[in-house]
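# predicted coordinates and the sequence they were generated for:
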Amino acid sequence: MAAAARTLRIGLIPGDGIGREVIPAGRRLLESLPSSLNLKFSFVDLDAGFDTFKRTGTALPDKTVEVLKKECDGALFGAVSSPTTKVAGYSSPIVALRKKLDLYANVRPVKTTAGSSGEPIDLVIVRENTEDLYVKEERTHDTPEGKVAEAIKRISERASSRIATMAGEIALRRQKIRDAAPVSTRSKPMVTITHKSNVLSQTDGLFRETARKALAAERFASVVKEEQIVDSMVYKIFRQPEYYDVIVAPNLYGDILSDGAAALVGSLGLVPSANVTDGFAIGEPCHGSAPDIEGKGIANPIATLRSVALMLEFLGEEAAAAKIYTAVDANLDEGKLLSPDLGGKASTEEVLNDVLKRL
Ligand SMILES: NC(=O)C1=CN([C@@H]2O[C@H](COP(=O)(O)OP(=O)(O)OC[C@H]3O[C@@H](n4cnc5c(N)ncnc54)[C@H](O)[C@@H]3O)[C@@H](O)[C@H]2O)C=CC1
Ligand SMILES: O=C(O)CCCC(=O)C(=O)O
């Protein structure tokens, strides 16, 4: 008798702007996976974002958090818009969600396809996702010289240790996959610890020391460890992106590095992420709500499609993820149906259909 299909319940949080255009594409991708994978999906639509705030007074309704916690195996998050000036009571829902669900790692692979010209880029940024300046403990006071605003940058041993451990595990997993390939492109896994401890000796100093200790564990003996100050890291990642394997960084540096790295592979519309905790993951394209192209039907869905794959990987469905990566890469390598951010003319729908056709 055939094994029963695994059913995964997925929360869908489109948010604002092009989030509403790319998350439906993610859903259609899940619905279109071949039946041979023995996977089924059920979906629940959930609210979050600035429009939700304007409608209800909260950007992240309790119901969204409760349903994710109690009912869902995983989720997809589109993007949210932030008000351009401070609005009383508004706070970023994605930042809050990461903390509320303790999604402590933000994993952001940046990769060129086999058909790309130049040295292949295949790196992953493992970004701490719960603390640093994102604790958002800011205040402003008046002084005789005018206003002064300040923000807490919190770095803890616990969070630094678990993110470095996650980076080490990802480096080992990636090496295993490379070693199984016909031609391995790298002989040893590598983790680069990124920091600014030359200036921030206590906060980034603690991140660096703790990450170093975590990666000194016996099981990471085969991992090459390097350290790089974040500003020169930006320089090096642009000069020699093919050199890097896994980069582990505190929250803000990880965010900036990954958007920068997106430029190396052509577009923010290509780069996925997963917000991960043990046993649960939310796939999220790295880009924002892109108000400049909202409603035009031309948002590149590939960052979302790859985020679907990444979510599935963290839910233990590597075969399904591999199918998606292969279909997306084939679309990009053929280069006939590309969205305008990649120099093409295809709509979101046309790119999606082309990827689905290749599954
Ligand atoms: N995780 C999230 O929800 C994030 C939300 N934001 C929010 O998004 C809003 C816009 O922020 P921006 O700085 O403009 O960043 P953005 O990522 O929304 O857009 C930057 C540029 O990349 C383009 N782009 C982004 N995604 C694309 C896609 N899938 N296909 C084609 N082109 C794409 C946009 O058209 C724009 O020119 C802000 O309100 C910001 O707060 C920004 C980053 C992350
Ligand atoms: O605009 C927002 O609400 C949050 C933007 C968050 C972000 O860029 C990230 O940390 O990935």
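That came in fine, so what should we check first? Ligands and ions are numbered 1, 2, ... in the order given.
# so where do the helices sit in this protein?
For the chain, applying DSSP state H gives helices covering 19-31, 50-56, 62-71, 93-100, 157-180, 203-215, 230-239, 251-264, 302-314, 318-334, 348-357.
# for this structure, longest strand please?
strand 6-15 (DSSP state E).
# show me what contacts residue 311?
74, 75, 76, 274, 281, 282, 283 (Cβ atoms under 8 Å, 6 or more residues apart in numbering). Glycine gets a C-beta too; all of them are placed from N, C-alpha and C.
# hang on, the earlier thing: which one of the helices of the chain lies nearest to residue 44?
Residue 44 sits nearest to helix 62-71 of all these, at 5.9 Å, using Cβ to Cβ.
# now the protein against ligand 1: closest residue?
For the chain, the residue closest to ligand 1 is residue 288, as judged by Cβ to the nearest ligand atom, at 2.4 Å.
# surely that residue meets residue 49?
No: the pair formed by residue 288 and residue 49 falls short of the contact definition of Cβ atoms under 8 Å, at 11.3 Å.
# just to revisit the earlier point, who does the closest residue in space to the residue of the chain closest to ligand 1 that isn't next to it in sequence bridge with?
Leaving aside its sequence neighbours, residue 288 sits nearest to residue 79 (Cβ to Cβ, 6 or more residues apart in numbering; 4.9 Å). Note on residue 79: beta-bridge partners by DSSP bridges are residue 15.
# distance of residue 79 relative to ligand 2?
In this view, residue 79 and ligand 2 are 8 Å apart by Cβ to the nearest ligand atom, to the nearest Å.
# that residue: how many residues sit nearby?
26 (other Cβ atoms under 10 Å).
# these two touch, right, it and residue 16?
Yes: using Cβ under 8 Å, residue 79 makes contact with residue 16 at a distance of 6.6 Å.
# what does residue 86 show for phi and psi?
Main-chain dihedrals, residue 86, degrees, to the nearest 10: phi -60, psi 130.
# now residue 156
Residue 156 adopts backbone torsions of phi -120, psi 160, taken as degrees, to the nearest 10.
# which one of the residues in the protein is closest to ligand 2?
Proximity of the chain to ligand 2 (Cβ to the nearest ligand atom) peaks at residue 92, 3.1 Å away.
# show me what contacts residue 352?
Taking Cβ under 8 Å, 6+ apart, we find residue 352 in contact with 25, 28, 29, 301, 305.
# quickly list what residue 282 is bridged to.
Bridge pairing for residue 282 - DSSP bridges - gives residue 75, residue 275.
# how about the nearest residue to residue 243, chain neighbours excluded?
If the residues on either side of it in the chain are set aside, residue 243 comes closest to residue 236, at 7.3 Å by Cβ to Cβ, 6+ apart.
# my read is that the one you found contacts residue 228, right?
Yes: Residue 236 is in contact with residue 228 according to Cβ under 8 Å; the separation is 6.6 Å.
# quick check, pLDDT for residue 88.
pLDDT, residue 88: 90.
# same check on the one 4 residues further on?
Predicted confidence (pLDDT) for residue 92: 94.
# burial measure for it, as a count.
17.
# wait, doesn't it sit right on residue 79?
No: Residue 92 is beyond contact range of residue 79, at 11.0 Å (criterion: Cβ under 8 Å).
# ok so, going back, mutual contacts of residue 79 and residue 16, please.
Contacts common to residue 79 and residue 16, judged by Cβ under 8 Å, 6+ apart, are residue 289.
# what is the longest strand of the chain packed up against?
Where contact means 3 or more Cβ pairs under 8 Å, 6 or more residues apart in numbering; DSSP states H and E, strand 6-15 is packed against helix 19-31, strand 39-45, helix 62-71, strand 74-79.
# quick check: buried residues in that strand?
Residues 8, 9, 10, 11, 12, 13, 14, 15 are the ones in strand 6-15 that count as buried (16 or more other Cβ atoms under 10 Å).
# give me the contacts around that strand.
Contacts of strand 6-15 (Cβ under 8 Å, 6+ apart): 19-20, 22-24, 26-27, 30, 38-49, 64, 67-68, 71-81, 93-94, 282, 289, 315, 317.
# same list, the buried residues of strand 6-15, but as TSV with distance to ligand 2 and pLDDT please.
TSV is the format used below for the buried residues of strand 6-15 (distance: Cβ to the nearest ligand atom, whole Å; pLDDT from 0 to 100):
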residue	distance to ligand 2	pLDDT
8	24	98
9	25	98
10	20	98
11	18	98
12	18	98
13	12	98
14	14	98
15	9	98
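# please read off the pLDDT at the residue nearest the centre of the chain from the model.
Nearest to the mean C-alpha position of the chain, counting by Cα atoms, centre = their mean, stands residue 273 at 1.7 Å. On pLDDT, residue 273 comes in at 97.
# again, but for residue 232
Looking at residue 232, the pLDDT reads 97.
# residues near it, how many?
Counted with other Cβ under 10 Å, the neighbours of residue 232 add up to 11.
# ok, residue 241 next?
Counted with other Cβ under 10 Å, residues neighbouring residue 241 total 19.
# got it, and the one 5 residues further on?
Residue 246 has 26 neighbouring residues, counting by other Cβ under 10 Å.
# again with residue 332
Neighbours of residue 332 under the rule other Cβ under 10 Å: 21.
# per-residue confidence at the residue of the chain most remote from its centre?
The centre of the chain is farthest from one residue, residue 144, which by Cα atoms, centre = their mean lies 43.2 Å away. Here the pLDDT value assigned to residue 144 is 97.
# can we start the residue count at 441 from this point?
Yes, from this point I'll number from 441; that puts the last item at residue 584.
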